[in-house]
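[1] quick check, what structure comes out for this input:
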Amino acid sequence: MGGDIGAGSELAAIAFEVAEYVSSVLKAVHDIGEGGGMAKAERVATFVDTGEIDHALAEERIAPSFFTDFMAESVHVGQDDLSPEAARRIVGSERILGVSTHNPEQVKAGDESSADYVAIGPVFSTTSKDNPDPVIGLDGVKHARALTQKPLVAIGGITLETCRSVIEAGADSVAAISDLLADPRKRTAAFLQKMR
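    Numbers count the residues shown, from 1 in each chain. From the prediction side, this is the model:
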């Protein structure tokens with residue numbers, strides 16, 4: 001674990017696809033805001049925010065596909081979202097499920113859950129969230145690695161300059177936002193090169 005990034009050219013091809021996908025998601029979000037699927041998206045948000053999902057599914061007022069229409073091959077939940085178990089009931093066993101964690105207790109809970117991977121962070125100070133959790137630093141990544149054998153994704157303030165040290169601390173991969181925005185394709189290639 002923690003550093004084996006696989007075959008370079010295959011991984012690069014996947015990374016470029018991810019960069020393209022991120023661009024398409026950003027466009028889709030914009031399109032929804034322009035009117036496209038906003039009514040349906042608002043209904044999903046209402047179910048999530050009010051905790052009505054389990055009741056609606058149990059009473060068969062909605063089908064699980066109502067939610068999975070919006071999902072790709074993976075789903076990620078945060079600490080203030082559905083629990084991993086509730087999300088797993090909705091998305092089924094075929095999709096990859098991840099969970100965000102910010103401290104050792106949450107990492108342990110994520111490890112014991114049905115999540116396929118555990119995300120830990122913020123590793124460094126981040127501007128991508130209005131109210132981020134406390135910074136855990138590289139020691140926090142090392143501690144998280146000791147608490148789970150699941151794939152560990154580090155997130156939060158990770159840049160091209162810091163990504164290698166995060167992998168060396170025990171993360172299997174990194175998630176970056178701000179450092180990719182200016183030129184996703186070019187920055188993704190630079191990240192892959194740096195992490196080899």
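
[2] which residues in the protein form strands?
    Here the chain has its strands, by DSSP state E, at 74-77, 96-101, 117-120, 152-155, 173-175.

[3] okay if I get these as JSON lines plus mean neighbour count?
    All C-beta atoms are positioned from the backbone trio N, CA, C, and that covers glycine. Shown next, in JSON lines, are the strands of the chain (neighbours: other CB atoms under 10 Å):
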{"stretch": "strand 74-77", "mean neighbour count": "19"}
{"stretch": "strand 96-101", "mean neighbour count": "23"}
{"stretch": "strand 117-120", "mean neighbour count": "25"}
{"stretch": "strand 152-155", "mean neighbour count": "25"}
{"stretch": "strand 173-175", "mean neighbour count": "20"}
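
[4] kindly reformat these as TSV containing distance to residue 133 and mean pLDDT.
    What follows is the strands of the chain, written out as TSV (distance: least, CB to CB, whole Å; pLDDT from 0 to 100):
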stretch	distance to residue 133	mean pLDDT
strand 74-77	15	83
strand 96-101	9	92
strand 117-120	10	96
strand 152-155	11	95
strand 173-175	15	92
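
[5] separation between residue 141 and residue 182?
    Separation of residue 141 from residue 182 (CB to CB, to the nearest Å) stands at 26 Å.

[6] please read the previous query as pertaining to residue 76.
    The spacing between residue 76 and residue 182, counted by CB to CB, is 24 Å.

[7] kind regards, and thank you for your time.
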